[in-house]
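S.K.: Following is a predicted model, sequence given first.
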Amino acid sequence: MSDQGKSLGFEPIALTGTERALVSEVRAFARAEPFPPSAESPTRGGFSREFSVELARRGWVGMTIPTQYGGAARSGVERCLVISELLAAGAPLGAHWTADRQTAPSLMINGPETLRRELLPRIASGLCLIAGGFSEPESGSDLASIRTRAQKVDGGWRITGRKIWTTDADKADYIEILCRTSDSEVKHKGLSLIVVPMDAEGLTVTPIEGMDGERHFNEVVIDNVFAADDWLIGKEGSGWEQLTAELALERAGPERYLSTFPLFDSFVQSRRHVAAPEHSHE
């Protein structure tokens, strides 16, 4: 290891025999047949609910979720090995990806318990797609300036606002909404995350078609949507801390580089084929 690596505190990782066997098993499964390119959830290899259920059957969805919630209680290293192999093969992971990658860890840390019991088993079964309702038309990357607001009412919250660039909201089962639940002079305070079923009255989803024809982004209008008290993640007002923790899992995930691996691999293979000398038949 370089001196720079030592100064940053990086330690070499040696896979155990169990981990090496897991890599071999997933690689053989993922490379058995090529996955066709997809315009749906392109950064996740594509979208297939059937494939997500098959992965869950093999124990490769919800891997770090505790067994009492239907998960496999595997290590973070094992999960990273599995998803790296699947991403490198171009497997369609869009139907469960966000829920498995970031919502499940947030629920395990923040709760509430009722929401854990409701959602974690569905996530571990590959049956739950959760969209992230964070960005807004006039907020851009400054998520703390959002205008979507949740008003406290008897038994829950009434949410009104508008979200944009919400990936896969048109196919999602739930949406995790970043909203303002109280006023504060500090814009990062008073924010909360609330989960809402996509069939809730008052939710309207409009797909956004890109110049390349892809339609994985959406606009979501939230018109006086009701969410029960226990659909609030963690404590009211702690949304900014929870969101940044979730986005750390998103921004640092292996899909940031491995989602393009199938294209690169295909290009390399094609170049090798072109460069290979023809055999003489004389």
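M.R.: Arrived safely, thanks for sending.
S.K.: mind listing what's buried in the lengthiest strand in the chain?
M.R.: Secondary structure of the chain read by DSSP state E shows that its longest strand is strand 217-228. Of the residues in strand 217-228, Phe217, Asn218, Glu219, Val220, Ile222, Val225, Ala227 count as buried by neighbour count, 16 or more other CB atoms under 10 Å. Heads up, the C-betas are built off the backbone N, CA and C, glycines and all.
S.K.: Just name the closest of the residues you listed to Leu107, please.
M.R.: Ala227 (15.1 Å; CB to CB).
S.K.: Do I have it right that the closest one meets Val196?
M.R.: Yes - Ala227 is within contact range of Val196, at 5.1 Å (criterion: CB atoms under 8 Å).
S.K.: Now the common contact residues for those two.
M.R.: Taking CB atoms under 8 Å, 6 or more residues apart in numbering as the criterion, Ala227 and Val196 both touch Ile159, Ile177.
S.K.: quick one: the host helix or strand of Glu241 to chain centroid distance?
M.R.: If you go by DSSP states H and E, Glu241 is part of helix 239-251. Chain-centre distance of helix 239-251: 12 Å, with CA atoms, centre = their mean, to the nearest Å.
S.K.: neighbouring contacts of it?
M.R.: Residues contacting helix 239-251 (CB under 8 Å, 6+ apart): 98, 101-103, 105-106, 109-110, 132, 134, 143-144, 178-179, 181, 188-189, 191-193, 233-234.
S.K.: Now which of these would you call buried?
M.R.: So, by 16+ other CB under 10 Å, the buried ones in the contacts of helix 239-251 are 98, 101-103, 105-106, 110, 132, 134, 143-144, 178-179, 181, 191-193, 233-234.
S.K.: Show me the residues you listed that map onto helices.
M.R.: Among the buried ones among the contacts of helix 239-251, the members falling in helices (DSSP state H) are Thr98, Pro105, Ser106, Asn110.
S.K.: which among those residues gets closest to Thr16?
M.R.: Pro105 (22.9 Å).
S.K.: roughly how far apart are the closest one and Pro137?
M.R.: 29 Å (CB to CB, to the nearest Å).
S.K.: from the middle of its chain, how far away would stretch 171-189 be?
M.R.: That offset, for stretch 171-189, works out to 18 Å (CA atoms, centre = their mean).
S.K.: pLDDT averaged over that stretch - what is it?
M.R.: For stretch 171-189, mean pLDDT is 93.
S.K.: What of stretch 84-99?
M.R.: Mean predicted confidence for stretch 84-99 is 91.
S.K.: Dump that stretch to CSV, keeping only the CA atoms.
M.R.: Output of stretch 84-99 as CSV, limited to C-alpha atoms (Å, rounded to 0.1, in the frame of the first residue of the first chain):
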residue,chain,number,x,y,z
SER,A,84,-20.9,-4.9,-8.0
GLU,A,85,-21.1,-8.2,-9.9
LEU,A,86,-24.7,-7.4,-10.9
LEU,A,87,-24.0,-3.9,-12.0
ALA,A,88,-20.9,-5.0,-14.0
ALA,A,89,-23.1,-7.5,-15.8
GLY,A,90,-25.7,-4.8,-16.6
ALA,A,91,-28.5,-6.6,-14.6
PRO,A,92,-31.8,-4.7,-14.3
LEU,A,93,-31.9,-3.5,-10.7
GLY,A,94,-34.2,-0.5,-11.0
ALA,A,95,-37.3,-2.1,-9.5
HIS,A,96,-35.8,-2.4,-6.0
TRP,A,97,-32.6,-0.3,-6.1
THR,A,98,-33.4,2.9,-4.2
ALA,A,99,-35.4,1.2,-1.5
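S.K.: Work out the gap between it and the centre of the chain.
M.R.: 10 Å.
S.K.: What are the buried residues along the helix holding Glu241?
M.R.: Those would be Gly239, Trp240, Gln242, Leu243, Glu246, for helix 239-251 by 16+ other CB under 10 Å.
S.K.: of all these, which comes closest to Ser125?
M.R.: Glu246 (21.1 Å).
S.K.: Which pLDDT value does the model give the closest one?
M.R.: Taking Glu246 on its own, its pLDDT is 90.
S.K.: how near is it to Ala88?
M.R.: Here Glu246 is placed at a distance of 24 Å from Ala88 (CB to CB).
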